[in-house]
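K.L.:
Got a predicted structure here, sequence first:
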Amino acid sequence: MVNQDIEQGRISTRVHSADLRSTRDIGLDRSESRCPSDAEIFDDEICIKQASSTGSDASGSSSGEDQCTHSRTNNHKQNLNVENEPKKEVTFQDIRKQVSLFFKMTMPYYKETREGKWLFGSMLFLCLVSAAFNVVVSYILRDFYSALGSKDVYYYKKYLLRFIYAALIGIPINVSFSFQRSVLALKWRKWTTQRVLSLYYQNKVYYGLENLQRGNAVNDPSSNTRSIDNPDQRIVEDINSFTDTSLYLFLVIVTSTIDFVTFSMILFKIVPKLFYAILLYASFGTFVTYCIGKALVRLNFISLKREADFRYSLVRFRENAESIAFYGGESIESREVSRRLNDLVTNKKDIIVKDRNLETFTTGYQYLVQVLPIMVVAPLYFEGTVLFGVLTQASSAFMRILNDVSLIVTNFQTLAAFSAGIDRLASFLEAIRNTDTSRSPDSHLLERACLIDNSTEDSKVPDPVPAASTESGRLSIGVHISSGAYVGQESDKRRLSLDNLTVFTPDKSRMLIDKLSLDLQNHENLLIVGPSGTGKSSLLRAISGLWNSGSGIVDRPHDRSVLFLPQKPYCPLGNLRDQILYPSILPQADDQHKSKTTIIKSQLTNYDSIRSIQEQFSDGDLLELLKRVGLKSLAKRVGNGDPYKGLYEVKDWGKTLSLGEQQRVAFARILVNRPKLVVLDESTSSLDMAGEKVLYGILSEEAACGNISFVSVGHRPSLVKYHNKKLTLGKKGTFLLEDI
């Protein structure tokens, strides 16, 4: 859990180890003796190169060993059809639960937005008008067919003309109804997607879910969050399907209810016994359909997952194309892709078989109803008791009522797929809620803390969650934010303080650091060294607040005054200018008024400072920064000879720039964002000694002026001269802290 206390200018955040999962435990017994599969062999080959380039450590996602184990674990889970695939067939209890989930995911949009209320109300009005119009048309057609049966030319032309007038009125009504439904579905999808994305980004929830997906803490009994596969599919496809299908089914229910009431009155006046026959026939059809097709819910759920897994395997192949090409691993990777395709096809075959069985019954069901009402009313027509138009009206009313009371029969495939989509979307939202430590476990699925809404002036931050305890042996690392560390404010001389910091591996099986205490003052720079696996990168994650497996206190400046430089810098989507300014990037001018409604308060407080940074650095200043970090020709190269044009070139910079160039750009970000503390995790590993000297020379100059302090993790002896403190980590949590 997270507790945020705003008191005397200090913000303290305590992270409960049971809530934010760490980054290494994969839930797989490595001592288990078994032969690796082809896919695992391929993963091992690829990770050999990754491990050599990233450097192994006790950290989670960045170590090559963990990436390999992660891939093997994912394959192992795929083969075992992990817990995300339901094993039981749907029951009435499940239906009640899904109805509850449906309303929890549906109501927020219509409660919180005026637009949703208006669109829904107008759509419902057009639905009622359309239903009433159908009743009027049924009477016009009754008289039309009566005139046709009695060969009355006058009345035939009269009611034909009325039908034409009715059609001219009905066409715009039905078109407007369909158009309004589509607009509402689109607006609803946009709002829901934006809300889910804001929840997904808030408090680094995406990072916690990614750790769960990798297998971290899946064996932790205290965890209420299960692994979530393919969040991208759930955000893109499942939300779209949910909003569109929800409106479709809602309108089906509304129109069916109206039709049932109106046409039941018509049919009951003509042939009462035919009305009772419909109810019995529909009840029989619904029961049989449910018995035959209930397994489709489970199969459709599995289908969604396997479709996403198959797509992910192709994306993974594309993203690792260079490594695969180096190793010549196309055939091995192809077998893994083919395996996932076969799993998908096998499940699709099961769905096709169930659909065949269901369609066999429903087809016969539909054939019989075409003649059943005629068989009942025909004797009255032959006796002359009713006219031919009454016969056709009774048949039409019978068909409408039967469709109304046979919703499950006629829409079972849609309902089965919709039910699976509700399960996947709801489980995703529950995982987001459980991972977000600022939200209580019983909060609404789409409730977001600290949301800025321009439509209200009394938005409040929820009361803080109680601080984490150490009961039941559970420990946590507290991250204490120093006061006055905001941009533009004076800060105290202490830049980093660790108090009795103990760091464990996520499964608590091994202590990495034991009761480390240190103070890093202004002008002081710390170098962290040690053999691989001793917890160097884990310590950096503990400082950042991403790693909480352990105990102790980390006191550091606010996030906006700290800049972490990983070994492989992140390159956002955008132009070259954005790469230098990151993370001080604002949305485009024409989108600012829209984006402010979805910015969290904690992010909005530095809006002006980010804008100030962007205004402070002109294009010429940014070109000078590139020159300073050794990228003088970069902008000119990508701009075809024009460096100013090159600053606004949009490319996939993660692939355009070499890793060494990316590391140089990361150092330029230090000069732009002016943090109080810089934390570097082998951030010059891809540079030669000359490049390292230039970049660390820049840092040393800034530190000498009292602007920054920096903490480095590295293996090169050449780094020692840029630091005045050295922390050497050893085995079993031992360490040596010394001045240089």
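P.N.:
Arrived safely.
K.L.:
all strands of the protein, in order?
P.N.:
Using DSSP state E, the strands found in the chain span residues 2-7, 10-15, 477-481, 494-504, 511-521, 526-529, 550-556, 562-565, 677-681, 709-713, 725-729, 735-739.
K.L.:
who are the neighbours in contact with F242?
P.N.:
Contact analysis of F242 by CB atoms under 8 Å, 6 or more residues apart in numbering lists 105, 192, 418, 421-422, 425. Where C-beta positions appear, they are placed from N, C-alpha and C, glycine not excepted.
K.L.:
Could you tell me how many residues sit around the closest residue to K508 other than its chain neighbours?
P.N.:
Spatial nearest neighbour of K508, chain neighbours left out: S549 (6.9 Å); criterion: CB to CB, 6 or more residues apart in numbering. For S549, the neighbour count with other CB atoms under 10 Å is 28.
K.L.:
go on, A325?
P.N.:
Neighbour number of A325 under other CB under 10 Å is 10.
K.L.:
How about the one 3 residues further on?
P.N.:
A count of nearby residues for G328, using other CB under 10 Å, gives 9.
K.L.:
got a pLDDT number for it?
P.N.:
Predicted confidence (pLDDT) for G328: 80.
K.L.:
now do the one 5 residues further on
P.N.:
Note for E333: predicted pLDDT of 85.
K.L.:
so it makes contact with F317?
P.N.:
Yes. Contact criterion CB atoms under 8 Å: E333 and F317 qualify, at 5.7 Å.
K.L.:
what's the overlap in contacts for these two?
P.N.:
In contact with both E333 and F317: I324, using CB under 8 Å, 6+ apart.
K.L.:
These two: which is more packed in?
P.N.:
Neighbour totals were compared for E333 and F317, and E333 leads with 22 against 16 (other CB under 10 Å).
K.L.:
gap between that one and Y327?
P.N.:
According to CB to CB, to the nearest Å, E333 and Y327 sit 9 Å apart.
K.L.:
with the contacts of F242 in mind, which one is nearest to Q614?
P.N.:
Closest approach between the contacts of F242 and Q614, by CB to CB: T192, at 31.3 Å.
K.L.:
Now for that closest one: which residues touch it?
P.N.:
Applying CB under 8 Å, 6+ apart, the residues near T192 are 105, 109, 239, 242-243, 446.
K.L.:
One more: Q393?
P.N.:
By CB under 8 Å, 6+ apart, Q393 lies in contact with 138-139, 141-142, 145, 266, 270.
K.L.:
so what pLDDT did it get?
P.N.:
As predicted, Q393 sits at a pLDDT of 76.
K.L.:
Could you do Y607 as well?
P.N.:
65.
K.L.:
related to what we said a few turns ago, got TSV for the strands of the chain, with distance to A321 and mean pLDDT too?
P.N.:
What follows is the strands of the chain, written out as TSV (distance: least, CB to CB, whole Å; pLDDT from 0 to 100):
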stretch	distance to A321	mean pLDDT
strand 2-7	40	36
strand 10-15	38	34
strand 477-481	38	55
strand 494-504	36	88
strand 511-521	35	90
strand 526-529	34	93
strand 550-556	39	87
strand 562-565	27	91
strand 677-681	26	92
strand 709-713	30	92
strand 725-729	36	92
strand 735-739	41	90
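K.L.:
Tell me which of those strands lies nearest to A132.
P.N.:
Among the strands of the chain, if distance is taken as CB to CB, the winner is strand 2-7, at 54.3 Å.
K.L.:
Which helix or strand in this structure has the lowest average pLDDT?
P.N.:
strand 10-15 (a mean of 34; mean pLDDT, DSSP states H and E).
K.L.:
re the thing from before, show me the two of the contacts of F242 that sit farthest apart.
P.N.:
Distance extremes for these: the farthest pair is T192 and F418 at 15.3 Å, using CB to CB.
K.L.:
what residues are up against T392?
P.N.:
Contacts of T392 (CB under 8 Å, 6+ apart): 141-142, 145.
K.L.:
mind checking which of the strands of the chain is nearest F179?
P.N.:
F179 lies closest, by CB to CB, to one member of the strands of the chain: strand 2-7, at 45.3 Å.
K.L.:
follow-up on the earlier one: could you check the strands of the chain and tell me which one is nearest R114?
P.N.:
Per CB to CB, nearest to R114 of these: strand 2-7, 31.6 Å.
K.L.:
still on that earlier bit, now the residue nearest to K508: phi and psi?
P.N.:
phi -80, psi 90 (degrees, to the nearest 10).
K.L.:
That one against P506, yeah?
P.N.:
Yes. Between S549 and P506 there is a contact under CB under 8 Å: 5.1 Å.
K.L.:
confidence score at I41?
P.N.:
pLDDT, read off for I41, is 32.
K.L.:
Let me fix that, I meant to ask about T410.
P.N.:
So T410 comes in at 67 (pLDDT).
K.L.:
What of L719?
P.N.:
Model confidence at L719, given as pLDDT, is 92.
K.L.:
Would you mind putting the contacts of F242 into TSV with pLDDT and distance to I580 alongside?
P.N.:
Putting the contacts of F242 into TSV (pLDDT from 0 to 100; distance: CB to CB, whole Å) gives the following:
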residue	pLDDT	distance to I580
M105	90	41
T192	92	35
F418	82	47
G421	81	42
I422	86	44
L425	89	38
